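# Fold the following for me, if possible:
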Amino acid sequence: MAAAPEIADQPVHEAGLRAMELMRHAMDCQHGDGGDLTGDILFDREGFALTAASFQFVTPGGVRFHYQLGGKVYALCSGGANRDELRLYLWGTVFGAVAWLNGFFPLHASAVANAGGVIAFTGAAGSGKSTLAAALSGEGMAHVCDDTLLTVSASDGPLALPDGKPAKLWGDALAMIGLEAGPPIASVPGKFFTELSVPVQHAMPLRHLIFLEDGPDVSIEPVTGAAKLELLLSALYRDFIHAARADQRAHETLMLAFARHVQFWRLQRPRDPARFNADVRQITGLLNGLPQ
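The predicted model follows:
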C-alpha cells in the first residue's frame with residue numbers, strides 16, 4: 001500500500017517527519033539478494049523489473065538491487081561490480097524507484113532552501129542544476145539535495161525532503177565554485193563526490209520549480225497555465241516507473257498539488273566561466289525577489 005495518501009492528510013511537520021523516516025528505513029541498504037518479486041510484472045526492461053510492491057534492478061556492472069514495500073533495499077555485488085557503482089545507483093535509480101513505490105514524487109532536480117521554502121532547479125542533463133545549487137549554497141542558501149529531489153504531498157502542498165547524500169560535481173564546476181573535490185567517481189571519470197556546507201535537515205515546502213535554459217543574459221520569467229503541467233512531466237525522475245504503475249490517483253494528486261502550490265519559472269543564463277561568479281550573484285538577487 002502506498003504511503004502518500006496517509007501522509008498527505010497530515011500537517012506539514014508530521015508529513016515531513018513520516019516521509020523522511022520511511023525513506024531512511026528503506027534506504028538503509030543491506031547485503032543480500034532480498035528474495036523474489038511479488039505480484040504481476042508491470043515493467044521489465046534493461047535490467048529493471050517492477051511490480052506494484054517490489055522491484056529488482058541489475059546495474060551494467062552487475063550490482064543487483066531488490067526492494068519490497070515496507071522493507072529495506074538489498075544489494076549484491078558480482079563480477080566486476082564495485083562499491084562505487086553500488087553507491088552511484090543506490091542514490092540514483094534505486095532511490096527514485098523506492099520513492100515512486102511509496103507514493104512519493106521524485107524530481108530530476110537539485111535544490112536549495114531560501115526564506116522558509118525550497119527552490120528547485122531542473123533541466124536537461126548537463127544543464128547545470130547541480131553546479132548552480134552548489135554555488136548558491138555559498139551565497140547563504142542551505143543545500144537541500146543534488147540531482148534528485150524527493151517530494152511528498154501534504155495538506156498545504158508539496159514538501160521537499162532533504163536526503164543527505166553528497167553532491168556529484170565535475171572538476172571544472174568545483175574549480176569555478178571554489179570547492180574541494182571529494183572522492184572521485186570511478187564509473188564517471190572527471191566527476192567527484194562533494195560534501196556541501198549548511199545542509200537542510202528537515203522537510204520544507206516546495207515554493208518554486210525553475211527550469212534552466214541557456215541564454216545570452218540572466219533573466220527569469222514565470223510559467224503559467226497548461227505549460228506548467230507539460231514542463232512538470234519533463235522534470236519527473238525515472239518517469240518510466242510512474243508510467244508503468246499507471247496509478248491515476250497518484251498522477252492527479254501530483255498534478256493538482258504542483259499546479260496549486262508551486263510557482264514555475266524559466267531561468268536563462270549564459271554559461272560562461274569568466275562571468276560565472278557575477279551571474280551567480282545576479283541569480284541570487286533574482287531568487288531573493290521571488291514571491292513567497
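# What count of nearby residues applies to the closest residue to Asp146 other than its chain neighbours?
Spatial nearest neighbour of Asp146, excluding adjacent residues (Cβ to Cβ, 6 or more residues apart in numbering): Ala167 at 3.9 Å. From N, CA and C alone the C-beta is placed, and that goes for glycine too. When neighbours are defined as other Cβ atoms under 10 Å, Ala167 has 24 of them.
# residues touching Ala167, list them.
Listed by Cβ atoms under 8 Å, 6 or more residues apart in numbering, the contact partners of Ala167 are Ser110, Ser130, Ala133, Ala134, His143, Asp146, Asp147, Phe193, Thr194, Glu195, Leu196.
# Run a quick neighbour tally on the fourth one.
Residues near Ala134, counting by other Cβ under 10 Å, number 24.
# Flag the shaky bits of the stretch 1-150 of the chain, pLDDT-wise.
Low-confidence segments of the stretch 1-150 of the chain (pLDDT under 70): 1-13, 79-81.
# Pro222 against Leu290, yeah?
No: between Pro222 and Leu290 there is no contact under Cβ atoms under 8 Å: 9.6 Å.
# one step back: quick check: the gap between the residue nearest to Asp146 and Phe121.
Using Cβ to Cβ, to the nearest Å, one gets 13 Å for the distance from Ala167 to Phe121.
# mind checking the SS state of Glu213?
Secondary structure of Glu213, reduced to three states by DSSP: H, G, I helix; E, B strand; the rest coil: strand.
# can you give me the helices for this protein?
For the chain, applying DSSP state H gives helices covering 4-8, 12-26, 83-89, 95-101, 129-136, 171-177, 226-235, 239-245, 248-261, 276-288.
# Tabulate the ones you listed in TSV, adding columns for distance to Thr151.
Putting the helices of the chain into TSV (distance: least, Cβ to Cβ, whole Å) gives the following:
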stretch	distance to Thr151
helix 4-8	10
helix 12-26	9
helix 83-89	21
helix 95-101	9
helix 129-136	15
helix 171-177	25
helix 226-235	10
helix 239-245	13
helix 248-261	8
helix 276-288	19
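# These: which one's closest to Ala115?
When the helices of the chain are compared by Cβ to Cβ, helix 276-288 sits nearest Ala115, at 7.5 Å.
# if we can go back for a sec, between Ala167 and Phe121, which contacts overlap?
Shared contacts of Ala167 and Phe121, defined by Cβ under 8 Å, 6+ apart, comprise Ser110, Ala133.
# Number of residues surrounding the closest residue to Ala203 other than its chain neighbours?
Nearest non-adjacent residue to Ala203, counting by Cβ to Cβ, 6+ apart: Gly16, 2.7 Å away. A count of nearby residues for Gly16, using other Cβ under 10 Å, gives 22.
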